[in-house]
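Student: show me the folded form of this:
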Amino acid sequence: MNTGTAERRAGTLLSLATALAATDSVEDVALAVRDVLGKDLGAAFTSVSMIDGPWLTTPALGQLDDHTEHGWLRLPLDLDSPAHRVARSGQPLRFTSPEELAAAYPGTARALQRTGLRCGVVLPLLISGGFRIGALTIAWDADRAFDPDEAVLTTAVADATAQAARRAQLYRERRDVAHTLQAAMLPELPVLPGLEIASRYLPWSTTDEQVGGDWYDAISLPDGGVLLLIGDVAGHDTEAAARMGRVRSMFRALAVDHPEEHPAALVSRLDHVLDVLGDQTLATMAVVRLDAPGPDRRVRWTTAGHPPPVLVDARGRSTVLQEEPDLPLGVLPDRPRHDHCRPWPPGGTLVLYTDGLVERRGRDVGAGILVLRAGLERTHTEPLETLLGELVTEHVANSEDDCAVLAVRDVS
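Tutor: Numbering: from 1, shown residues only. Take a look at the predicted model:
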């Protein structure tokens, strides 16, 4: 191999490595390979086909007619085509004419002839241990002589493609698991006479594969009241989400078993259970109990190191349910907790939230709560879903934390 050939090969592999470094999906990987090989090798067609259970999936890259490419998107793995055979066997394939290809694969000859491709290689995508994950097809629309140096280059391209495609698969799997776990943690809000309940949850993540520790819940009570809670477990990973799930489930069980108890007593029970079980979870939460409809309806609440709820009356006047907060969960389980109480204003709206809604870098929570109050007073006549949508849009654009909001409105 002469110096010029070595430099061209190194340049192609460097260009490919740079392009693959910016990919996070199999489609991105396939596009990167297409662009580099089209420029450096004059390839008229490339495809990255991935094994997906009993299927072989091939992203459409706009190189052939739409009918052909969309027909290849998802096909049974046992189909007898070049890419399918190479993906199954792990053995490379080279063809030097369309007639040669048609003779070897009569079942797909017509589709292959329509492509106008004349020669090419199909290489297995292998990862560590020789595990087969798919096939890479590189083809030209003109006759081409294959030399040993080009064979070495395309094999190196296949190796790099396999690693990038597998990384993209794993990223997608982690992201899907994270999203599924997060969705499973969000409760279905109850339908209660005379009350409208709405919520928002926006996880913050730099990678789109993390889950957060924020949660909320609403539990209808036998006497016609409702228990509202919102909390925050530190962290942005699956461990934080798992701890959050345990805390939420424990609290639901305690609330159902002791529906007569006020918020402070329920939070004390939860803190005690976590302590006895040796659960080292550190979390903040706010719990609100709203009485059943009636002339003396009251709202009772307790906060465990959590930002205070905001109450807005029918005329748009806001009040922060601010009292000296009790300690977060997991600090001193035996320390007494306190309830606070005030009359419920007819037509009132109560908003519970996590600190991601109000806290910003360079701004303390108190200043953020003032901004929140102003937003609520300005939008208090909007439908509850609209109101929350505006709050989240306004307050989360520059956030660096998860954000959960739970709101209830008297519509009796």
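
Student: and the worst-scoring helix or strand of the chain on mean pLDDT, how far out from the chain middle?
Tutor: Lowest by mean pLDDT, DSSP states H and E among the helices and strands of the chain is helix 109-114, with a mean of 77. Chain-centre distance of helix 109-114: 40 Å, with Cα atoms, centre = their mean, to the nearest Å.

Student: again with stretch 306-316
Tutor: Taking Cα atoms, centre = their mean, the mean C-alpha location of stretch 306-316 is offset from the chain mean by 31 Å.

Student: pLDDT of that stretch, averaged?
Tutor: Taken as a whole, stretch 306-316 has a mean pLDDT of 94.

Student: now do the buried residues in it.
Tutor: 306-313 (16 or more other Cβ atoms under 10 Å). Where C-beta positions appear, they are placed from N, C-alpha and C, glycine not excepted.

Student: return the member of the residues you listed nearest to Pro222.
Tutor: Looking at those and their distance to Pro222, the nearest is Pro309, at 23.3 Å (Cβ to Cβ).

Student: thought Leu350 was touching that closest one, still the case?
Tutor: Yes: look at Pro309 against Leu350 with Cβ atoms under 8 Å: they come within range, at 5.8 Å.

Student: quick check, distance from stretch 107-118 to the centre of its chain.
Tutor: Between the mean C-alpha location of stretch 107-118 and the chain-wide mean there is a distance of 40 Å, by Cα atoms, centre = their mean.

Student: now it: buried residues?
Tutor: Buried residues in stretch 107-118, counted by 16+ other Cβ under 10 Å: 108, 112, 115, 117-118.

Student: including distance to Ala19, could these go into a markdown table?
Tutor: Listed next are the buried residues of stretch 107-118 as a markdown table, based on distance: Cβ to Cβ, whole Å:
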| residue | distance to Ala19 |
| --- | --- |
| Thr108 | 30 |
| Leu112 | 28 |
| Thr115 | 24 |
| Leu117 | 23 |
| Arg118 | 26 |
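
Student: can you tell me which of these is nearest Gly129?
Tutor: Taking Cβ to Cβ as the measure, Gly129 sits nearest to Thr108 out of the buried residues of stretch 107-118, at 30.3 Å.

Student: where along the stretch 251-400 of the chain do the helices fall?
Tutor: Across the stretch 251-400 of the chain, reading from the start of the chain, the helices by DSSP state H, counting those that start in this stretch fall at 263-276, 365-379, 384-396.

Student: what's the spacing between the second one and its chain's center?
Tutor: The reference is to helix 365-379. Its chain's C-alpha centre lies 29 Å from the corresponding centre of helix 365-379 when counted by Cα atoms, centre = their mean.

Student: that one - contacts with which helices or strands?
Tutor: Here helix 365-379 is seen to pack against strand 310-312, strand 318-320, strand 349-353, helix 384-396 when contacts are counted using 3 or more Cβ pairs under 8 Å, 6 or more residues apart in numbering; DSSP states H and E.

Student: I'd guessed Asp40 sits against Ala10; true?
Tutor: No: shown here, Asp40 and Ala10 do not form a contact pair, counting by Cβ under 8 Å, at 11.2 Å.

Student: who's more crowded, the two?
Tutor: Neighbours were counted for Asp40 and for Ala10 using other Cβ atoms under 10 Å; Asp40 has more, 17 against 11.

Student: can you give me the distance of Glu359 to Ala367?
Tutor: The span separating Glu359 from Ala367 equals 9 Å under the rule Cβ to Cβ, to the nearest Å.
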